[in-house]
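Colleague: just the structure for this:
(one chain, ligands or ions: 1)
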Amino acid sequence: MVDNKKVLFSAMQATGNLTLGNYLGALKNWVNLCDEYECFYSVANLHSITVRQDPAAFRKKNREILTLFLAAGIDPVKNCIYYQSQVSAHAELAWILNCYTYMGELSRMTQFKDKSAKHADNINAGLFTYPVLMAADILLFQADVVPVGKDQLQHLEITRDIAQRFNQIYGDVFTVPEPYIGKSGARIMSLQDPEHKMSKSDENPNGSIYLIDDPDTIIRKFKRAVTDSEGCVRYSENQPGISNLIDIYSACTGKSAADIEKEFDGKGYGDFKLAVGEAVVDVLKPLQERYADLSKNKDYLDGIIKENAEKASYFANKTLRKVQKKVGFPEIIR
Ligand code: TRP
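Modeller: Next comes the predicted model:
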């Protein structure tokens, strides 16, 4: 699209606290993708209101997450980082795509089933059509690739189905996106329940390291991390807790699991947990310093938000107009 680069789109919801898992598994790897792709990263705040949000806390959270994208090192000139809600084409295309999506296929989405079980008092239509809004996000930018976690693959699959269905009726309107298969990020598990992914919506704060946790909190959480019974630092299926800590230490230091086992040969879990905690503190330090700087610099941040939203709108509107024309809507009035 631009400089003949392929387009990459991804997004994160504006809820919860971004975790070390989000950083090592996604953000850190997003930083360099702009060399190869034209990258769009959205704070998916329209998706967030499928669950009830407190307006004041939500407003702050939106800004916190966008600021953390920048603090993680994603360059806002080489990439486009923006709030989904500021680009109205998302909602407009989502409506159109709703009319090309079947109740049956949405009913099969596992995330819908999980979320409606979890929020049984508020199973709203937005929760049901959530994947259609995701499809609109991706298709608006004619994205070639989408880096997503396993839990979102089904949503990418339905995006492809919707795109192909639309293209079949109207000709080549949308690029049909593929999952991004690149150097995959580390898959970090909960410190309290290493069988489950570290999650920003986990209710137990001790299971996750938040990107804005201070050093003492980080060390404390690692000291409390669940370990196993072998008593030695060894990577093994039988030691999910220790294996997770080895993965974290490896992602932070670049050392291999074998080297780490050697380094801590004959040492106990206590020494190892402290070392992992310190490695994480070191990795997050520059991010936290940038976060503090950016948070103080309101005008600079506001400028970036505005420029990036305009850039996103420009590309998104191009696709939206094309779609409107194909469907047969009258021309837009400016
Ligand atoms: N639903 C995604 C999540 O919870 C966030 C998201 C919204 C997204 N739109 C997207 C991810 C488009 C990839 C592409 O993680």
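
Colleague: the closest residue to residue 44 other than its chain neighbours: what's it in contact with?
Modeller: The spatial neighbour of residue 44 that comes closest, neighbours along the chain excluded (Cβ to Cβ, 6 or more residues apart in numbering), is residue 11 at 4.1 Å. Bear in mind the C-beta positions are built from the backbone N, C-alpha and C, glycine included. For residue 11, the contact set (Cβ atoms under 8 Å, 6 or more residues apart in numbering) comprises 41-44, 47, 84, 134, 137.

Colleague: tell me the one among the residues you listed nearest to residue 296.
Modeller: residue 43 (20.1 Å; Cβ to Cβ).

Colleague: can the strand or helix carrying that closest one be found next to the ligand?
Modeller: Residue 43 belongs to strand 37-44 when assigned by DSSP states H and E. Yes. On the criterion Cβ under 6 Å from any ligand atom, strand 37-44 is in touch with the ligand at residue 44.

Colleague: quick one, the helix or strand containing residue 131 and strand 37-44 angle?
Modeller: Element membership of residue 131 [criterion: DSSP H and E] is helix 125-140. Put simply, helix 125-140 runs at 160 degrees to strand 37-44, going by axes from the mean of the first three to the mean of the last three Cα atoms, to 10 degrees.

Colleague: tell me the secondary structure for the residue nearest to residue 44?
Modeller: strand (DSSP: H, G, I helix; E, B strand; the rest coil).

Colleague: tell me which parts of the stretch 51-200 of the chain are close to the ligand?
Modeller: 134, 137-138, 146, 148, 152.

Colleague: okay, domains of this protein per the record?
Modeller: Segmentation of the chain into domains, based on automatic domain parsing, reads 6-181+298-327, 205-293.

Colleague: closest one to residue 197 among those?
Modeller: Between those, domain 6-181+298-327 lies closest to residue 197; by Cβ to Cβ that is 6.5 Å.

Colleague: quick one: the helices in the stretch 1-150 of the chain?
Modeller: Assigned by DSSP state H, counting those that start in this stretch, the helices in the stretch 1-150 of the chain fall at 20-22, 28-30, 45-48, 55-71, 89-98, 103-107, 110-118, 125-140.

Colleague: any idea how far the last one is from the middle of the chain?
Modeller: In this view, helix 125-140 has its centroid 15 Å away from the chain centroid, taken as Cα atoms, centre = their mean, to the nearest Å.

Colleague: quick revisit: in CSV: the helices of the stretch 1-150 of the chain, plus mean pLDDT, distance to residue 176 and mean neighbour count.
Modeller: Listed next are those as CSV, based on pLDDT from 0 to 100; distance: least, Cβ to Cβ, whole Å; neighbours: other Cβ atoms under 10 Å:
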stretch, mean pLDDT, distance to residue 176, mean neighbour count
helix 20-22, 95, 27, 24
helix 28-30, 94, 22, 19
helix 45-48, 98, 22, 23
helix 55-71, 98, 27, 18
helix 89-98, 98, 14, 19
helix 103-107, 97, 16, 11
helix 110-118, 93, 21, 13
helix 125-140, 98, 9, 23
